[in-house]
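>>> Provided below for reference: sequence and predicted model.
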Amino acid sequence: MKSYLVTGAANGIGRAIALALAEPGDSAILNDLTFSHELESLVQELEQKGVSVQIALGDVSAQATVQQAFSGVQRLDVLVNNAGILNEAPITQMSFEQWDKMLRVHLYGTFLFSQQAARLMTRQGSGAIVNIASDLGQLGCANLCHYSAAKGGIIAFTKALARELAPQGVRVNAVAPGGTLTPMVERLGPAYIKEEAARYPLQRLGSAQEIANSVVFLASNNASFTTGQVLGVNGGGVMNG
């Protein structure tokens, strides 16, 4: 039995992760911005699997949301920082508000939730944090300077935090997905999806389940000697080694 927390859990990759981690007897804390039909159905699915569920609503970059999520939590085995947003704008037209919100959701959210998780996990002497980055944090992308910067920041944060927490028995890793067919990506339209798929050697976008499978590995004892790594689940778009 384990306890885990997933931010941005209602849809797409977050939903797939929350379900993939679930085992009977687990306890899950699910964060999303607002309560929705999708979140309600996720809670029902998890409860049918024998998982007890706590909901923490709100913006991940707000300290009040983090306090609510961790209220009364005595132990946390896995944190997945997944919450994110995506919108396009050329640098010459990007507003300060767009830049600020992108970095706040991705970087501030990852920092705040990781900070609270680290306090619990170092006291326990164990735990796993998995941050959801992106191949664009490694490659960059035109009209997505803010998103690329935020995801690149998550990658650097992951490596630094892994070094800091390793002596206390806490592992920190990242998954950097390539283009993934989620509701957020689907809203960008079929032309964007077709163009994205052509970027990858495998000539397709990934599925949320494929990303979730990688998170489950990094969160498990099968990855007990793995920390500070960026696992590229990206159809060959970035080839490391």
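Perfect, thanks for sending it.

>>> Name the residues of stretch 205-220 that come out as buried.
Counting neighbours by 16 or more other C-beta atoms under 10 Å, one finds that the buried residues in stretch 205-220 are 205, 206, 208, 210, 211, 212, 214, 215, 216, 217, 218, 219. (Each C-beta comes from the backbone N, C-alpha and C, glycine too.)

>>> which residue packs closest to the third one, ignoring adjacent ones?
Right, residue 208. residue 16 (3.7 Å; C-beta to C-beta, 6 or more residues apart in numbering).

>>> I'd assumed residue 206 was in contact with that neighbour.
No: under the criterion of C-beta atoms under 8 Å, residue 16 makes no contact with residue 206, lying 10.7 Å away.

>>> Can you give me the neighbour number for the nearest residue to residue 77 once chain neighbours are set aside?
Using C-beta to C-beta, 6+ apart and skipping the chain neighbours, the partner closest in space to residue 77 is residue 2 (4.1 Å). When counting by other C-beta atoms under 10 Å, one arrives at 18 neighbours for residue 2.

>>> swap in the one 3 residues further on?
Residues near residue 5, counting by other C-beta under 10 Å, number 28.

>>> Tell me the helix or strand right after the helix or strand hosting it.
Per DSSP states H and E: residue 5 is located in strand 3-6. Counting by DSSP H and E, the next helix or strand C-terminal to strand 3-6 is helix 12-21.

>>> which strands and helices sit next to that next one?
strand 3-6, strand 27-32, helix 37-48, strand 78-81, helix 208-219 (3 or more C-beta pairs under 8 Å, 6 or more residues apart in numbering; DSSP states H and E).

>>> How far off centre is it?
The chain centre lies 10 Å from the centre of helix 12-21; the measure is C-alpha atoms, centre = their mean, to the nearest Å.

>>> same question, stretch 192-205
Worked out by C-alpha atoms, centre = their mean, stretch 192-205 lies 22 Å from the chain centre.

>>> gap between the two ends of that stretch?
End-to-end distance for stretch 192-205, by C-alpha to C-alpha, to the nearest Å: 11 Å.

>>> Show me which residues of that stretch are buried.
For stretch 192-205, using 16+ other C-beta under 10 Å, the buried residues are 193, 196, 197, 199, 200, 205.

>>> Look at the last one and report its pLDDT.
Looking at residue 205, its pLDDT is 95.

>>> quick one, what contacts residue 122?
165, 168, 169, 170 (C-beta atoms under 8 Å, 6 or more residues apart in numbering).

>>> do the same with residue 99
Residue 99 neighbours (C-beta under 8 Å, 6+ apart): residue 146.

>>> Would you mind listing the buried residues in the longest helix seen in the chain?
Counting by DSSP state H, the longest helix found in the chain is helix 145-165. Under the neighbour-count criterion of 16+ other C-beta under 10 Å, helix 145-165 has 145-155, 157-159, 161-162, 165 buried.

>>> Equivalent analysis for stretch 170-186, please.
Judged by neighbour count (16+ other C-beta under 10 Å), stretch 170-186 contains these buried residues: 170-182, 184-185.

>>> In helices, which of the residues you listed appear?
In helices, defined here by DSSP H, the members of these are 184, 185.

>>> Among the buried residues of stretch 170-186, which has the minimum pLDDT value?
Out of the buried residues of stretch 170-186, that is residue 184, at 72.
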